[in-house]
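S.K.: Fold the following, please.
(2 chains)
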Amino acid sequence: MAQLQTDEGHAAGAVANGGLAVHIHDVTVSFPAPEGRLTALHDCSLDVAAGSLTVVIGPNGSGKSTLLRVIAGLLVPDAGRVTIGPAPDAEEPRAGDPRVGIAFQQPRLLPWLTVTENVELPLSLAGVPRAERVERAAAALRQVGISDAARLRPAELSGGMAQRAGLARALVSDPPVLLLDEPFSALDALTREAFDTELQRLWLSRRRTLILVTHSVSEAVRLADAVVVLTARPGSVARRVPIELPRPRGVDVAAAELDEEIRAALASVHPPELAAWTPGP
Amino acid sequence: MDAGPVRRLVTAVTSLAVFVAAWKILTVLTGTPEYILPAPDVVAERGMRAIGSGILWQHLWATLIEVVPGFALGGVTAIAVGVALGKSVVIERVLSPYIVAAQAVPILALAPLLDIWFGGGLVSRVLVVALIVFFPIAIATMVGIRSADPRLREMLRSLGATPGQVTARLEIPSALPVIFGGLRVGVTLAVIGAVVSEWVSASTGLGVLINIADQGLFDTPLMFVALVALAIIGLAFYGLVVQVERRLIQPA
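M.R.: The predicted model follows:
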């Protein structure tokens, strides 16, 4: 099985914190809809510590992806404010903000480029010299375990490989804030667990701020410093559950109580017509 | 499975042979006189004489130097304008009525005007060719530019791509198959444009050769020689465009 590889040996705390804090304050986002506007997020507030790993979970349509877009500066909120950085000189993100990297739910690879060329894209857009691009893209591909696929085109990849290529593209510029929207949804359960472990190791070795969206409660507990449960649309933070389990956590992390707490929070925020819905594995 | 080049050649030659045979049989069975429908062997013989005397080359060359620069000029301008039309709704609103109007006026009616404006030389004939190829290529480019996947646009925006980078990295590559559709139409129109421009003002060219063969001479076999030469030019350039397209566009 391919593995996410880390750069070197590590011990939690020994690595410099290279992340930036993210503050989300009373953010409201709405979209034009056939009748009036559809409010995706309403008065959503959240503080994410620099170098922490936050997992966002919530029912469908609770604005999880919208929240990531606002943090990435791709959407400007109707009201409220998002800032990135330490208090005095925190700045609002803008589209293409070099402080933020995002991996979308779909890999969004350019079909006419090879995997390597796709991963190099953020660097070539920024005018990084070729030799350095090649080297850094190769390193990013090693990290996500698809070096073998470097010269393939997206059409030749499986869903999971394409997702990993998208992840490598987000990793290649090593941004202080990394946003992942269901990064492993195309992987089977076993591979996914292995990747969660490797992602955790990668994060431990680098300590960037990582915000990850998922539907999986067990994945949330395995990875997070804090699990943020969003309400149904319009989304806002229903609960913030700190996960203070020792790291590195394995696949068999025993946290039945936390699991139960998050599931209960999810059940409580579900719209009534979806009451029968049970959260994923 | 893709047919090999040998197999494709055999198919083409067979189809040509059947066509020529049917043509020959038609002339023999109906007894049509030569000045109405000459038999293929008569046309071939007239063609050899036209080649031998150098007259065919002279006129073929005259047409080629209209078709090639005209297609290149019209094509490059059309792609540039098409990109602008595709990227800006304002530009499209302002320009498209004029572009459509210019296309709606028959080229045969515009050619004399260009002839007056630019003198009866090569320049005005190249412009006629450029004008006739412009429309299909510009519209194809505009449609292609707009067809770029909005999710890929957002991805590039998240990476801080400038509008120019979005055009170069996403819009043009994803528009290429559509642009080449326009180029295929345009390259065959280029030959038509060349003949039209020659009928308005020229002393050499395959269009002129048809007129020479027609007026007074009733040299119908020579007309057919010119027609076949025009068809070959059209096929050759069309094939060239298809080859370039194959090189540039990866099978998805």
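
S.K.: Show residues contacting stretch A:63-72.
M.R.: A:22, A:24, A:27, A:29, A:40-41, A:44, A:56-58, A:75-77, A:82, A:84, A:93, A:95, A:97, A:100, A:102, A:105, A:177, A:179, A:181, A:211, A:213, A:230, A:233-235, B:158 (Cβ atoms under 8 Å, 6 or more residues apart in numbering or on different chains). For every residue, glycine as well, the C-beta is placed using N, CA and C.

S.K.: again, only using 7 Å
M.R.: Stretch A:63-72 has contacts (Cβ atoms under 7 Å, 6 or more residues apart in numbering or on different chains) with A:22, A:27, A:29, A:40-41, A:44, A:56, A:58, A:75, A:77, A:82, A:93, A:97, A:100, A:102, A:105, A:179, A:181, A:211, A:213, A:230, A:233-235, B:158.

S.K.: Excluding residues flanking it in the chain, which one is nearest A:N17?
M.R.: In this structure, A:N17 finds its nearest non-sequential neighbour in A:G51, 3.8 Å apart by Cβ to Cβ, 6 or more residues apart in numbering or on different chains.

S.K.: What's the local residue count around the one you found?
M.R.: Neighbour count for A:G51, taken as other Cβ atoms under 10 Å in any protein chain shown: 21.

S.K.: could you give me the average pLDDT of stretch A:33-42?
M.R.: The average pLDDT for stretch A:33-42 rounds to 86.

S.K.: Spit out the contact partners of residue 124.
M.R.: Since you didn't name a chain, this refers to chain A. A:R133.

S.K.: wrong one, chain B
M.R.: B:114-115, B:118, B:201.

S.K.: Likewise for A:E91?
M.R.: A:E91 makes contact with A:83-85 under the criterion Cβ under 7 Å, 6+ apart.

S.K.: just A:A95 next, same as before
M.R.: Contact analysis of A:A95 by Cβ under 7 Å, 6+ apart lists A:73-74, B:157-158.

S.K.: Tell me how far it lies from A:V177.
M.R.: 14 Å (Cβ to Cβ, to the nearest Å).

S.K.: For chain B, see how far away A:Q143 is.
M.R.: Distance, A:Q143 to chain B, by Cβ to the nearest Cβ, to the nearest Å: 18 Å.

S.K.: Number of residues surrounding residue 173?
M.R.: Chain wasn't specified; assuming chain A. 20.

S.K.: that's the wrong chain, I wanted chain B
M.R.: B:P173, neighbours per other Cβ under 10 Å, totals 19.

S.K.: So it is in contact with A:W112, correct?
M.R.: Yes: using Cβ atoms under 7 Å, B:P173 is in contact with A:W112, at 5.1 Å.

S.K.: about what we covered before: point out the ones among the contacts of stretch A:63-72 that are inside strands.
M.R.: Among the contacts of stretch A:63-72, the members falling in strands (DSSP state E) are A:22, A:27, A:29, A:40-41, A:44, A:56, A:82, A:100, A:102, A:179, A:181, A:211, A:213, A:230.

S.K.: Restricting to these, which residues neighbour chain B?
M.R.: Applying Cβ under 7 Å from any Cβ of the partner chain to those, one finds that A:I102 fall near chain B.

S.K.: Show me which of the ones in strands among the contacts of stretch A:63-72 is closest to chain B.
M.R.: The shortest approach to chain B among the ones in strands among the contacts of stretch A:63-72 belongs to A:I102, at 5.1 Å (Cβ to the nearest Cβ).

S.K.: chain center to stretch B:166-180, what's the gap?
M.R.: 21 Å (Cα atoms, centre = their mean, to the nearest Å).

S.K.: Once you drop chain neighbours, what's closest to the residue in the stretch 51-200 of chain A that chain B sits nearest to?
M.R.: Closest to chain B within the stretch 51-200 of chain A is A:G96: 2.5 Å, counting by Cβ to the nearest Cβ. Distances taken as Cβ to Cβ, 6+ apart place B:G160 nearest to A:G96, at 2.5 Å, with adjacent residues excluded.

S.K.: where does the chain dip in pLDDT?
M.R.: Just so you know, I chose chain A. Applying pLDDT under 70 to chain A picks out residues A:1-16, A:88, A:254, A:271-281.

S.K.: Actually, chain B is the one I wanted.
M.R.: Using pLDDT under 70, the flagged stretches of chain B are B:1-3, B:250-252.

S.K.: mind redoing it with 90?
M.R.: B:1-9, B:12, B:31-36, B:102-116, B:118-121, B:200-203, B:208, B:210-219, B:247-252 (pLDDT under 90).

S.K.: for the residue in it that chain A sits nearest to, phi and psi?
M.R.: Closest residue of chain B to chain A, Cβ to the nearest Cβ: B:G160 (2.5 Å). Main-chain torsions, B:G160, degrees, to the nearest 10: phi 80, psi 30.

S.K.: Please apply the same query to A:E91.
M.R.: Per degrees, to the nearest 10, the backbone of A:E91 is at phi -120, psi 150.

S.K.: A:L258 and chain B, how far apart?
M.R.: 32 Å.

S.K.: Where does the residue nearest to A:N17 fall, secondary structure wise?
M.R.: Following DSSP states H and E, there is no helix or strand that holds A:G51.

S.K.: now it: how far from A:S205?
M.R.: 12 Å.

S.K.: Likewise for A:L74?
M.R.: 28 Å.

S.K.: again, but for A:E91
M.R.: A:E91 is 27 Å from A:S205, by Cβ to Cβ.

S.K.: same check, this time on A:E261
M.R.: 29 Å.

S.K.: residues in contact with the residue most central in space within chain A?
M.R.: By Cα atoms, centre = their mean, chain A has its centre lying nearest to A:L180, at 2.0 Å. Going by Cβ under 7 Å, 6+ apart, A:L180 touches A:103, A:212-213.

S.K.: Could you provide the residues you listed in JSON lines, with additional columns for neighbour count and distance to A:E117?
M.R.: As requested, the contacts of A:L180 are exported to JSON lines (neighbours: other Cβ atoms under 10 Å in any protein chain shown; distance: Cβ to Cβ, whole Å):
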{"residue": "A:A103", "neighbour count": "26", "distance to A:E117": "17"}
{"residue": "A:L212", "neighbour count": "26", "distance to A:E117": "26"}
{"residue": "A:V213", "neighbour count": "24", "distance to A:E117": "27"}
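
S.K.: Sweet, I'm off.
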